[in-house]
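What would the 3D arrangement of this be:
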Amino acid sequence: DSRGARWCGNVLGGWSGSAMDAPSEFVYHRKDLETFPTSDHASLQAFWAQEVKAADPAHDGSDSEQGTATTAAETEASQAARVLGRYFDSSDQSIESKYRFVVRPDNPEAVKLKVVRTTRLTPADYERNVFHVVLRVDGTPVAGYDPGDSLAIYPVNPADAVSEFLEALGFEGSTILELDSFFIGEDEGTYVMTLEQVCRDYLDLFGCPTKSFYLALSKYARDIVERTELATLSLDRCADALAERVARSVTFASTLVEFPSLVLTPKNLLDIVPLMKPRLYSVASSTRMFQKEVHLLAVTHTWETSEKNIRTGLASGYLERLGTPGARVHNVVGALVRSAALKLPQQSLKPVVMAGIGTGMAPFRGFIEERAARQRLGEEMGCMRLYFGARHKHAEFLYEKELEIYEREGLLTLRCAWSRDQAEKVYVQNLIEEDQDQLWELLKPEVGGHFYVCGPTDPLPAIRSALCELFIARGVGAAYLDTMEADGRFSVEVY
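Below is the predicted model:
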């Protein structure tokens, strides 16, 4: 196996973590690579003996020299002790140098962040769930974020869906894997975790399969018809068949279950299913307002398949579940990602113009909070102008009350475009066209104001076009937008 996953024995189910959508804690990294210690496993064996006895009080814990069959629990305990005993040596005084907990083997900068609260911002009966997430960051590197930065959130596959998948393939989620070269860029060492944790926290089981996946999977099919069907899906001439599967939202997991002749081992999953990628969420707060917290703004992404089934995006669905009544998830895993584009001007008197569409409001809430906090401390701030676009004012006027306070304080000019509140749709670019005089006073060369755009990709060309028309009308030509961009005064973050 090119990535070094080794098949190990089973461990009692209690070690596989609770059945919730929570990041794993049972991950160990061994630093010394040459050999495993040959040590007495007495204390670990005793622990497992107690676990077995608790599960079966009639069992006295004695071994049979005549080969009497042991219970499945005893076998699991023995196998687990054999594996874990190589990492835990109670007689070794330097045990701390031999193992440690890690949050993400593939990202040493990832940290666990406590979920403080989630708040739905749109009405309960509204079709879109836009919500606000607050995470505790004090004592972590994330606490040093700046407005405009992002937080990489590592989503977790739904626990019930993972359990169903493993059961369908006949795998035990409590199977222990030792991974010594699976994670790219990891520290040298071996990572120990259960198969359930690998499937829940790392493998993109419910993502969309690629052509290369179908080709790789075909090699594991015993039935020639299934092998041919899988391999054919990787061919360019079968693009329509592949598109049909995409329209049905076929996943890696559903494909693995779909073809009954597939013969796979747990380590095969590591070879053919890619790792989940973190999702970036723009920070929607300022440390000057919230010293111990980071705030995020998200919307639950849903879509309808060709079979009329509703699907939910992995990351947004994960964050949404944090706010479910009775949810037991207390932490998420994230890493700070510095922004090279969305940065407030170093000169606090420079005007700032922002165009935020939908959840593209997030970084600009942080911008406004940053300047508002400094202004309240007596610093003089340049004017700020926010163009915000959404569908309906009654449902999607995000952070309405606080924005109106900033406007009353004289820090902010607020311009909102509600695209579906009237017969003729109004977008942010329409307001920019209306406000040419005001915008020119902020963006002309001698003033040097900054313009930022954040939100979906689609409106960007129209926004650029509206600005180019403004600059042409003022005699500096459309090339002035390119000059602003080169000077770092026109910055874009779209998705």
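
Parallel or antiparallel, list what pairs with the top strand by length along the chain.
Counting residues, the longest strand in the chain under DSSP state E turns out to be strand 111-120. Looking at strand 111-120 with DSSP bridges, its partner strands are strand 130-136 (antiparallel), strand 331-337 (antiparallel).

Nearest to residue 255, out of the ones you listed?
strand 331-337 (27.0 Å; C-beta to C-beta). C-beta here means a position set from N, CA and C on the backbone, and glycine is covered the same way.

just checking, next helix/strand downstream of that closest one?
strand 352-357 (DSSP states H and E).

residue contacts, residue 481?
If you count contacts by C-beta atoms under 8 Å, 6 or more residues apart in numbering, residue 481 has them with 464, 467-468, 471, 490.

Poorly predicted segments of the stretch 201-350 of the chain, please.
The model of the stretch 201-350 of the chain has pLDDT under 70 over residues 326-329.

Show me where it has its helices.
Along the stretch 201-350 of the chain, the segments classed as helices by DSSP state H, counting those that start in this stretch run 211-218, 224-232, 239-247, 252-258, 266-272, 314-321.

Of those, which is nearest residue 296?
Closest to residue 296 of the helices of the stretch 201-350 of the chain, according to C-beta to C-beta: helix 314-321, at 7.6 Å.

and for that closest one, what are the contacting residues?
By C-beta under 8 Å, 6+ apart, helix 314-321 touches 21, 118, 129, 131, 133, 153, 155-158, 206-207, 276, 279, 296, 298-301, 312, 327, 329, 332.

Restricted to buried residues, select the residues you listed in ChimeraX.
Here is the ChimeraX selection string for the buried members of these, based on 16 or more other C-beta atoms under 10 Å:
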select :21,118,129,131,133,153,155,156,157,158,206,207,276,279,296,298,299,300,312,329,332
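
Out of the contacts of helix 314-321, list just those in strands.
Per DSSP E, the contacts of helix 314-321 map to strands at 118, 131, 133, 153, 279, 296, 298-299, 312, 332.

quick one, the longest strand of the chain and helix 314-321 angle?
On the basis of axes from the mean of the first three to the mean of the last three C-alpha atoms, to 10 degrees, strand 111-120 is oriented at 70 degrees to helix 314-321.

And strand 111-120, what's buried?
So, applying 16+ other C-beta under 10 Å, buried residues of strand 111-120: 111-113, 115, 118.

Nearest residue to residue 255 in space, please, no chain neighbours.
Using C-beta to C-beta, 6 or more residues apart in numbering and skipping the chain neighbours, the partner closest in space to residue 255 is residue 209 (5.6 Å).

How about residues contacting the helix or strand encompassing residue 372?
Using DSSP H and E, residue 372 sits within helix 362-376. For helix 362-376, contacts defined as C-beta under 8 Å, 6+ apart pick out 147-148, 281-286, 288-289, 295-297, 339, 342, 344, 348, 352, 354, 356, 381-382, 384, 386, 399, 403, 406, 409, 411-412, 452, 454, 493.

May I have that helix as CSV, with CA atoms only?
Written as CSV, here are the backbone C-alpha positions of helix 362-376 (Å, rounded to 0.1, in the frame of the first residue of the first chain):
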residue,chain,number,x,y,z
ALA,A,362,-19.5,38.6,6.5
PRO,A,363,-16.1,40.3,6.1
PHE,A,364,-17.7,43.7,5.9
ARG,A,365,-19.4,43.2,9.3
GLY,A,366,-15.9,42.7,10.6
PHE,A,367,-14.6,45.8,8.7
ILE,A,368,-17.4,47.9,10.2
GLU,A,369,-16.9,46.6,13.7
GLU,A,370,-13.2,47.3,13.5
ARG,A,371,-13.6,50.9,12.6
ALA,A,372,-16.6,51.4,14.9
ALA,A,373,-14.6,50.2,17.9
ARG,A,374,-11.7,52.5,17.0
GLN,A,375,-14.0,55.4,16.4
ARG,A,376,-15.6,54.9,19.9
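
Closest one to residue 390 out of the buried residues of strand 111-120, please.
For those, the nearest to residue 390 is residue 118 (19.8 Å; C-beta to C-beta).

Please look at the closest one and residue 322 and confirm they touch.
Yes - with contact defined as C-beta atoms under 8 Å, residue 118 reaches residue 322; the gap is 5.1 Å.

re the thing from before, from the contacts of helix 362-376, which would you call buried?
147-148, 281-286, 288-289, 295-297, 339, 342, 344, 352, 354, 356, 381-382, 384, 386, 399, 403, 406, 411-412, 452, 454, 493.

Report whether residue 420 is found in a helix, as I expect.
No - judged by DSSP: H, G, I helix; E, B strand; the rest coil, residue 420 forms no part of a helix; its state is coil.

got a list of what it touches?
391-392.

let's go with 10 Å and repeat that
390-393, 395-396, 426 (C-beta atoms under 10 Å, 6 or more residues apart in numbering).

among the residues you listed, which two are most distant?
So, these by C-beta to C-beta: farthest apart are 395 and 426, at 15.9 Å.

Next, the buried residues of stretch 336-347.
336-337, 339, 342-344.

which stretches of the stretch 51-200 of the chain aren't confidently modelled?
Within the stretch 51-200 of the chain, the segments meeting pLDDT under 70 span 51-99, 184-188.

returning to that earlier point: need the buried residues of stretch 336-347 in CSV (columns: distance to residue 373).
Converted to CSV, the buried residues of stretch 336-347 look like this (distance: C-beta to C-beta, whole Å):
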residue, distance to residue 373
336, 20
337, 23
339, 19
342, 18
343, 17
344, 12
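
Now flag whichever of these is closest to residue 165.
Taking C-beta to C-beta as the measure, residue 165 lies nearest residue 337 of the buried residues of stretch 336-347, at 30.1 Å.

who's in contact with the residue nearest to that closest one when sequence neighbours are not counted?
Of all residues not flanking residue 337 in the chain, residue 150 sits nearest, at 4.4 Å (C-beta to C-beta, 6+ apart). Residues in contact with residue 150 (C-beta under 10 Å, 6+ apart) are 278-283, 296, 334-339, 342, 362-363, 493.

6 Å instead?
280, 282, 337 (C-beta atoms under 6 Å, 6 or more residues apart in numbering).

Would you format the strands paired with strand 111-120 as JSON lines with distance to residue 242 included?
Listed next are the strands paired with strand 111-120 as JSON lines, based on distance: least, C-beta to C-beta, whole Å:
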{"stretch": "strand 130-136", "distance to residue 242": "33"}
{"stretch": "strand 331-337", "distance to residue 242": "32"}
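
closest to residue 305 out of those?
Smallest distance to residue 305 across these (C-beta to C-beta): 22.9 Å, for strand 130-136.

Name all residues that make contact with the closest residue to residue 370 other than its chain neighbours.
Nearest residue to residue 370, sequence neighbours excluded (C-beta to C-beta, 6+ apart): residue 286, at 4.1 Å. Residues in contact with residue 286 (C-beta under 6 Å, 6+ apart) are 147, 366, 369-370.

For residue 286, give its distance to residue 365.
8 Å (C-beta to C-beta, to the nearest Å).

Then residue 189?
From residue 189 to residue 365 the distance is 41 Å (C-beta to C-beta).

more crowded one of these two?
residue 365 (27 against 20; other C-beta atoms under 10 Å).

how far away is the more buried one from residue 156?
According to C-beta to C-beta, residue 365 and residue 156 sit 26 Å apart.

Would you mind measuring from residue 164 to residue 302?
21 Å.

Export the contacts of residue 420 to CSV and append columns for neighbour count, distance to residue 103 and secondary structure.
Shown next, in CSV, are the contacts of residue 420 (neighbours: other C-beta atoms under 10 Å; distance: C-beta to C-beta, whole Å; DSSP: H, G, I helix; E, B strand; the rest coil):
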residue, neighbour count, distance to residue 103, secondary structure
390, 26, 35, strand
391, 17, 38, coil
392, 16, 40, coil
393, 13, 41, helix
395, 18, 37, helix
396, 25, 35, helix
426, 16, 45, coil
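
Brilliant, that's me finished.
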